[in-house]
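> Next comes the sequence, and after it the predicted model I'd like to discuss.
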Amino acid sequence: MSAQAMTRRPRWLTVVGVLGVIAMGFTVWLGLWITPPDQFQGNLARLLYIHPAIATVALYWVGLVAAGGSLLYLWPRTRSLFWDRLAAASVEVGAVFAALTLITGAIWGRPVWGVWWTWDARLTSTALLLLLEIGYLALRRVPAEPAIRARRCAVAALLIAIDIPIVHFSVDWWNTLHQGGTFIDPGFQIHASPSMSWTFLLGFIAFTLVFVWLLGVRYQVEVLQDAVGDQELEVSLSERWSEDTDLVGAAASAPTPGPGGGTS
Amino acid sequence: MAPVVHFRAAVALAGRFPALAGVDLSLDQGEVVVVVGANGAGKTSLLRACAGLLPVTSGDATVLGVDLTTDHTSVRRYVGLLGHAAPLYDELSAAENVQFAVRALGLPVKSADAALERLGLIGRLRTTPAGRLSAGQRRRVALAALLARRPALWLLDEPHAGLDATSRTLLGQLIGDAVADGASVLLSSHEPELSVPLADRVVSMGGGRVTGEESGGRRVTFTAVPAAVPAESTRAEGASHVA
Amino acid sequence: MWHDALLVAGKDLRIEARARVALWQVVPFAVLVLVLLAFAIGPDQASLRHAAPGIFWVALLFSTVLAIQRSVAVESGEGTRDGLRLSGIDPAGIFLGKAAAVGLQLLLLQVVLWAGITFLFDVRVHVVWLAVTASLLATVGLACAGVLYGALSAGLRVRDTLLPLLVLPVLAPVLLAGSKAWQAALDGNAASGTQWLKILVPFAVIYLVVGVVLYGPLQEAA
């Protein structure tokens, strides 16, 4: 019964999902058909409507939710599995967005730079971020009691959060000293017409809505998984108690009811 | 006076498994309580919960005045747990292992020597790496470390297992001394004929709960003697004659 | 805390001195990585000399993972994990002690690796103070971050496969900064090398502080 109540998605989440899909549809429509091609980059500039938006979600929104959630979980006063699940959901969605950032970046980079991959500072640190997130998700899959897993993962998330600025700076220096200048900034300076600016903005809203929606859905899945675990616990608790009555029954029927139950 | 151990409906989980499924138990200072029960009854989990190793997730649980449901780590330095596996570093000698345990509490190294001697760990045994000792000898080293740390609550998990007759007698004496010193002892056992004579009370466990209680054989003459126990072992420290 | 740290470091180093795992497994492994990477790059002396600092730091990073796994293994004997938790030692002291023991082993390893690249790749460190400073700072960072992640994976059945995945991306900044600083030290270009210390210093300090704070909760979570 309780599990059924939890399977019901809150209405706001459905609304966010529907809005996200609509906004995404408009972004695609505006981005592919309505806006003109860029005068320098041609149709390639259309990636601009989604790539920065995806990257913003992957780097900022995810980082904020994951680090904030983990911190609030570790803080004794606000400790609640809510924060743990939120942080975990955020990293999982974040890994998808980080991968999309890399893919869209590579699609853009191929015609512009002539290579799929370049050791550009932002690409490199995003790739490292993705690897760190995969590490976190691997740790999360290790079975454990929810409270223990939550604590372990919260610490890991914070360690990753601390590492990211260091990674960012080191990669930045490493690259700029090596090749001089980053590629993305000059490339993405385009002369925007009003329709392009609006599409650009809409892309941000669409991906943020989709992020919130995915986060909510993923959170629900976490809740359900824990609910299954709790039900298993109830079952195993009652099994444990029946072990006891079995034992008492066995002891009662035995000729000498010694304290050990004589079973060993 | 507040009891040394006070459990009410205490539940502790090992993973998803309720190792303790609502334990009620109370232990006063200077008491020796023996826990008996079949394999998997929850004896070891009870001792680990008392040591602050297994967090109690619901119910009341207080050990030495520390509420284990809110803080299960600070009680650790005041208890001594003798588990199935001796917590020894194989590369270090018996003496070094005990000295490490003693210095960890900030106690003088001298107390390690006294404990080692008491357990008969002298001469070659003292300097042999723990990895080359037999299971019974390792248990004696672990017991020496426990003794040297002078815990307020002794938690002994099947302490008789793997010990020879002399060591079993010695164990009885050590428990007697500890209690005289003001410590309390919670002891789990599969061998009632050895442990019941040491006990003030005998608590039986099953299915992660306490299912019954009888008086033990230390000071009071008990009635529910297992048939295998001869009358003479009702005296404390008489246990060795059985083996 | 310091008393506890010394106690734990002394214990770990004594165990290491008896078991000789670092000496007979980790050090040869590091040298092996040097040789293997040289094979991969080819016999051309100039490109080997160019790659030498990178090879040095990759070998050091891989060996760090081994040293950490060893440091975790020492505590994961039957009963010793619980023993350490019950010992009454301050978790911060355990962290500092274990990090100090690992750090000392890593320093020894770097001396061997230094000799290795000098001998095999015919390079010379021109700015010795820069190389030494970078190595010392990196050692603190590697040992602290490593011990922290070691504690995170300790007690898990999958710890040996999980640890490299978790810790190597985290150590990437040390690899970058360390090899760049060493490159500068080999080239005799001290000015361009010192700025890499600005990565190594915060890395070391942050993981040292975070370890002292988080090792306790981590010990309970693994």
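Received, thanks. Numbers count the residues shown, from 1 in each chain, chains lettered A, B, ... in the order given.
> A:E133 and A:A161 touch, don't they?
No - here A:E133 lies out of contact with A:A161, judged by CB atoms under 8 Å, at a distance of 11.1 Å. In this view, the C-beta of every residue, glycine as well, is placed from N, C-alpha and C.
> Neighbour count: the two, which is higher?
Between A:E133 and A:A161, counting by other CB atoms under 10 Å in any protein chain shown, A:E133 is the more crowded of the two (26 against 17).
> just checking, what packs against the strand or helix carrying that one?
Per DSSP states H and E, A:E133 falls inside helix A:121-141. With contacts defined as 3 or more CB pairs under 8 Å, 6 or more residues apart in numbering or on different chains; DSSP states H and E, helix A:121-141 has these neighbours: helix A:81-113, helix A:146-179, helix C:159-187.
> what about it, average pLDDT?
For helix A:121-141, the mean pLDDT works out to 88.
> and if you look at stretch B:179-193?
Here stretch B:179-193 scores 87 as its mean pLDDT.
> Kindly report the residues of the stretch 101-250 of chain A close to chain C.
Contact residues, the stretch 101-250 of chain A versus chain C (CB under 8 Å from any CB of the partner chain): A:128, A:131-132, A:134-135, A:138-139, A:142, A:148-149, A:151-152, A:155-156, A:158-160, A:162-163, A:166-167, A:169-171, A:173-174, A:177.
> tell me which parts of chain B are close to chain C?
B:48, B:51-53, B:73, B:76-77, B:79, B:81, B:83-92, B:96, B:100-101, B:103-106, B:129, B:142.
> do that again at 6 Å, thanks
Within chain B, the positions near chain C by CB under 6 Å from any CB of the partner chain are B:53, B:76-77, B:81, B:83, B:85-87, B:89, B:91, B:100, B:103-105.
> Please narrow those to those residing in strands.
Residues of the residues of chain B next to chain C located in strands (DSSP state E): B:L81.
> Now, the residues of chain B next to chain C that are in helices?
Here DSSP state H is the test, and these give B:100, B:103-104 as lying in helices.
> My reading is that C:G88 is in a helix; is that accurate?
No - counting by DSSP: H, G, I helix; E, B strand; the rest coil, C:G88 is not part of a helix but coil.
> Just the pLDDT at it, thanks.
On the pLDDT scale, C:G88 gets 86.
> Now do the contacts for A:V210.
A:V210 sits next to A:G20 when contact means CB atoms under 6 Å, 6 or more residues apart in numbering or on different chains.
> before we move on, which element is it in?
helix A:194-253.
> That helix - what's its average pLDDT?
Here the average pLDDT along helix A:194-253 is 79.
> separation between the closest residue to C:P91 other than its chain neighbours and B:T62?
Nearest residue to C:P91, sequence neighbours excluded (CB to CB, 6 or more residues apart in numbering or on different chains): C:G216, at 3.6 Å. Look at C:G216 and B:T62: by CB to CB, to the nearest Å, they are 22 Å apart.
> between these two, who's got more neighbours?
Higher neighbour count among C:G216 and B:T62: B:T62, with 20 against 16, using other CB under 10 Å.
> Got phi/psi on that one?
Dihedral pair for B:T62: phi -130, psi 130, per degrees, to the nearest 10.
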